[in-house]
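Q: Need coordinates for the following:
(2 chains)
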Amino acid sequence: MKVGSVYTDERGISDAEVNTAPERQAQTDFVRVTESSRFRELMKKKKKFIVPLTIFFMVFYFMLPILTSYTNVLERPAIGDISWAWIYAGAQFIMTWVLCTVYVRRFLKFDKEADEIIETEIKGG
Amino acid sequence: MSTTVIVLFLSIVLLTLFITWWAAKRTTTAGEFYTAGGGLTGWQNGLAIAGDYLSAASFLGIAGMIALFGFDGFFYSIGFLIAYLVVMFLVAEPLRNLGKYTLADMINSRFDAKKVRAAAAFSTITIVIFYMIAQLVGAGALIQLLFGIPYWIAVLIVGVMMTIYVLFGGMTATSWVQIVKAVLLMLGTVVIAVLVFARFDFSVMTMFSEVKTATAHGEAFLQPGLKYTVPLDTISLMLALVLGTAGLPHILMRFFTVKDAKTARSSVVTATWIVGIFYILTIFLGFGAAAFVGHEAIVAANPAGNMAAPLLAEALGGDLLMSFVSAVAFATILAVVAGLVLTGASAFAHDIYGQIIKKGQATQQQEMKAARQASLWVSVFSILLALGAQSLNVAFLVSLAFCVAASANLPVILYTIYWKRFNTTGAITAMLFGLISALVLVAVSPNVLSPEAGAAMFVGEPLFPLTNPAIVSVPLGFLGGWLGTILSKESDARRFAEVSVRANTGYRE
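A: Predicted structure coming up:
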């Protein structure tokens, strides 16, 4: 292994990046970016998307152990010998795939808005 | 041990060593060692995440639990899958945008304090060690069962292999071993599931009605309540499962192997599909084992049900399929422990050595050397612990790792990304409250203390009634972070503005 021998003179270039935040702040005024209407608008949209859906899937998820632990409603047969517990569990799988797809689609739009913020508020400003 | 088993076993060893040799040529910098240079594509990383996730515990454990407990065995699958929504919606993108190599990097994008990094590295190492002992003990027992070799030799074989992958091939080797294994595992699972389904005339209705009469539990097998009878304990376990993934360092580290948030997203999508389909197939495996192998035979081979899938393979496809499934299980174990070694080593080498001791001034050469040494020590330490921990209950260690991840890591991750007022003191108290409460509550739980001799590690009355403490320790982690923050005046709105912009736009200089 020719480990590192080639890279001896690259003294912590990449790691220095992690520790120089105060200097970077001098270059970009992030507070001003967060106060810009574009950024505030993006944050508002993201919040409106993430918060209700997160609450929804957490509630939907915990309803299963709550219903199976404290009630017998899910033990009733749904289709043949398959009880509602299995249908509910299956619905959680479908929910996961659907929400993932919805998230990706929605965030593709947010990506464009984020790029605009970088262009106009950070680089342009 | 048949010739087929030995041939397949050696093929896996040779294939993974070839991958390591190929990866070693591409691993010359610290970045390549920790994160494969951030060069994985979405589907590659998605497969690797799925691979990390589908450990032997998932493959053998869940199939076995469904075979023994029917619906209740399926609870784990549901929790493990929904956990990806938590990862996707709350953690993946900000993590990718803020972090570099480790979880501590991401938290330290807001706090320069070395104490915060040390606490994050410490909780990472704690989780990795618990998870690793669980995997190694499980691996040893499994290989012993499958190949009939003594436990200590089995642990040593796995230990030496994982060390070789990580030491020479870093994250590139670890990822590709993981990808190959994920493909093999899916292949094996699909084959068994199709064979099972064929026996039920390709009808889900027939499968359910036949399984209803196939076990001694009768109709109860298809209903919840066979295994989890204490409501609060069930809910606590489900909480640890759904929140733990978003705090597991070896899963989170995978998000640094892709180039941007968009790729991080597509890797979660790939992982969710693979993991989801896999878990649905575990129903077929579990039902098949219950119907065609039978409760007694499964329990006789291993009381926890871990042999259900290999035994089912034997019943359906004879020696060849059984050998293939055993080889896949072996590959699964190797890949998962390699990922854990790498994660533990990066916490030591990057966080503790590179950033705390060397203050970020270590050369590439120094950090690579430290990373390789740390990999070696993490491996040796885990092997020694695993050799002494043969009698420990594996499921208990895994659920403890999930619980610590959910209690110690998740609160600090969420606060760092989303809470403006959050500060250094809060970050430390969040991690300490979560970590200590999870560890202490487990130490006095029925897992460790039982009035019956032999039922747990020690004889005595448990001081805490639940086997999984998440329902108490996760809120304590959040409470600790909140208290630490409001009791300390410090707050840096400028720094939060920077973190918020970077997390949400992916902006980097």
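
Q: any chance you could map the helices in the stretch 151-300 of chain B?
A: Remark: helices assigned in the stretch 151-300 of chain B by DSSP state H, counting those that start in this stretch are B:151-199, B:204-214, B:231-244, B:249-252, B:261-288, B:295-301.

Q: can you tell which of the ones you listed is closest to residue B:447?
A: helix B:231-244 (11.1 Å; Cβ to Cβ). Placement of C-beta: from N, CA and C, glycine included.

Q: How about residues contacting the closest one?
A: Applying Cβ atoms under 8 Å, 6 or more residues apart in numbering or on different chains, the contact partners of helix B:231-244 are A:58, A:61-62, A:64-66, A:68-70, B:75-76, B:78-80, B:82-83, B:86, B:228, B:399, B:401-403, B:405-406, B:410, B:465-472, B:474.

Q: what does stretch B:465-481 give?
A: Contacts of stretch B:465-481 (Cβ under 8 Å, 6+ apart): B:230, B:232-233, B:235-237, B:239-240, B:243-244, B:396, B:399, B:402-403, B:406-408, B:410-412, B:415, B:422, B:426-427, B:429-434, B:437-438, B:441-442, B:445-447, B:464.

Q: still on that earlier bit, taking the contacts of helix B:231-244 one by one, which sit in helices?
A: Among those, the residues falling in helices (DSSP state H) are A:58, A:61-62, A:64-66, A:68-70, B:75-76, B:78-80, B:82-83, B:86, B:399, B:401-403, B:410, B:470-472, B:474.

Q: just how off-centre is the helix or strand of chain B with the lowest mean pLDDT within its chain?
A: Counting by mean pLDDT, DSSP states H and E, the weakest-scoring helix or strand in chain B turns out to be helix B:56, with a mean of 77. Distance of helix B:56 from the chain centroid (Cα atoms, centre = their mean, to the nearest Å) equals 10 Å.

Q: Which other helices and strands does it contact?
A: helix B:114-147, helix B:308-346 (3 or more Cβ pairs under 8 Å, 6 or more residues apart in numbering or on different chains; DSSP states H and E).

Q: how about JSON lines for those helices, with mean pLDDT and distance to chain A added?
A: Listed next are these as JSON lines, based on pLDDT from 0 to 100; distance: least, Cβ to the nearest Cβ, whole Å:
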{"stretch": "helix B:114-147", "mean pLDDT": "87", "distance to chain A": "10"}
{"stretch": "helix B:308-346", "mean pLDDT": "90", "distance to chain A": "13"}
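
Q: Can you add mean neighbour count and distance to residue B:274 and give these back as CSV?
A: Converted to CSV, those look like this (neighbours: other Cβ atoms under 10 Å in any protein chain shown; distance: least, Cβ to Cβ, whole Å):
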stretch, mean neighbour count, distance to residue B:274
helix B:114-147, 23, 20
helix B:308-346, 26, 14
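
Q: which of the contacts of stretch B:465-481 count as buried?
A: Neighbour-count burial (16 or more other Cβ atoms under 10 Å in any protein chain shown) applied to those gives B:233, B:235-237, B:239-240, B:243-244, B:396, B:399, B:402-403, B:406-408, B:410-412, B:415, B:422, B:426-427, B:429-434, B:437-438, B:441-442, B:445-447, B:464.

Q: Could you count how many residues lie near residue 112?
A: If you meant another chain, say so; for now it's chain A. Neighbours of residue A:112 under the rule other Cβ atoms under 10 Å in any protein chain shown: 9.

Q: My question was about chain B, not that one.
A: What residue B:112 shows, counting by other Cβ under 10 Å, is a neighbour count of 15.

Q: Please read off the pLDDT at it from the model.
A: Per-residue pLDDT puts residue B:112 at 86.

Q: Find the helix or strand that it is a member of.
A: Using DSSP states H and E, residue B:112 maps to neither a helix nor a strand.

Q: and if you look at residue B:67?
A: Going by DSSP H and E, residue B:67 is part of helix B:63-69.

Q: mean confidence score for that helix?
A: Mean pLDDT, helix B:63-69: 91.

Q: Are it and chain A in contact anywhere?
A: No - applying Cβ under 8 Å from any Cβ of the partner chain, one finds helix B:63-69 separated from chain A by no less than 11.5 Å.

Q: Just the residues contacting that helix, thanks.
A: B:72-74, B:76, B:221, B:226-227, B:282-283, B:285-287, B:289-290, B:293, B:295, B:298-299, B:302, B:304-309, B:312.

Q: buried sites along that helix?
A: Of the residues in helix B:63-69, those buried (16+ other Cβ under 10 Å) are B:63, B:64, B:65, B:66, B:67, B:68, B:69.

Q: One more: stretch B:464-484?
A: For stretch B:464-484, by 16+ other Cβ under 10 Å, it's B:464, B:466-482, B:484.

Q: low-confidence ranges in chain A?
A: For chain A, applying pLDDT under 70 flags the ranges A:1-26, A:125.

Q: let's see it at 50
A: A:1-25 (pLDDT under 50).

Q: repeat for the stretch 151-300 of chain B
A: For the stretch 151-300 of chain B (pLDDT under 50), the answer is none.

Q: Can you name the residues of it sitting close to chain A?
A: B:168, B:204-205, B:208-209, B:212, B:222-225, B:228, B:231, B:234-235, B:238-239, B:242, B:261-262, B:265-266, B:268-269, B:272-273, B:276, B:279-280.

Q: And the residue of chain B closest to chain A?
A: Using Cβ to the nearest Cβ, the single residue of chain B nearest to chain A is residue B:365, 3.1 Å away.
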